[in-house]
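Visitor: return atomic coordinates for the entry below.
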Amino acid sequence: MKLKKSTLWISLCALVFSLIYHIWQNSLSWVHLSDTLFIICLFFLIVGGFLWVFSSGSFDFFQKSLHLKRKTDYESEWKLSTIGKEHKAFFLQPGIILLAISILLLLVDMLV
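Guide: So this is what the prediction gives:
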């Protein structure tokens, strides 16, 4: 999977935001920074996980059965799997990068 510039910018902005927040609160430490980055990465991982499930096509059958019941045209509307395939990397990549940084900061705190 190729990393996009937006992925790196989102990860960098989250890191800078966390640093500024902890400097402002006078609570800058490896553990606090790791915790904040983990909380931020959870948003990206949860949304990306939902989109990953949608992209697998598991909800397409349910969506098709609802259209058949209402007697509407199934082919003219967007399938949930196409929405998930297009946008899951946008959320999963920054989440994984922030999770890796969070774990590294926690390991640094344990070693120091």
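
Visitor: how about residue 14, what does it touch?
Guide: Contact criterion Cβ atoms under 8 Å, 6 or more residues apart in numbering gives 37, 40, 41, 94, 98 as the residues in contact with residue 14. Backbone N, C-alpha and C define where each C-beta goes, glycine included.

Visitor: distance check, it against residue 8.
Guide: Distance, residue 14 to residue 8, using Cβ to Cβ, to the nearest Å: 11 Å.

Visitor: ditto for residue 18
Guide: Applying Cβ to Cβ, one obtains 16 Å for the distance of residue 18 from residue 8.

Visitor: ditto for residue 87
Guide: Residue 87 is 17 Å from residue 8, by Cβ to Cβ.

Visitor: now for this structure, the helix or strand with the poorest mean pLDDT.
Guide: helix 60-70 (a mean of 67; mean pLDDT, DSSP states H and E).

Visitor: what comes up buried for the longest helix seen in the chain?
Guide: In terms of residue count, the longest helix belonging to the chain (DSSP state H) is helix 80-111. Of all the residues in helix 80-111, those buried under the rule 16 or more other Cβ atoms under 10 Å are 80-81, 84-85, 88-99, 101-102, 105-106.

Visitor: great, nothing more from me.
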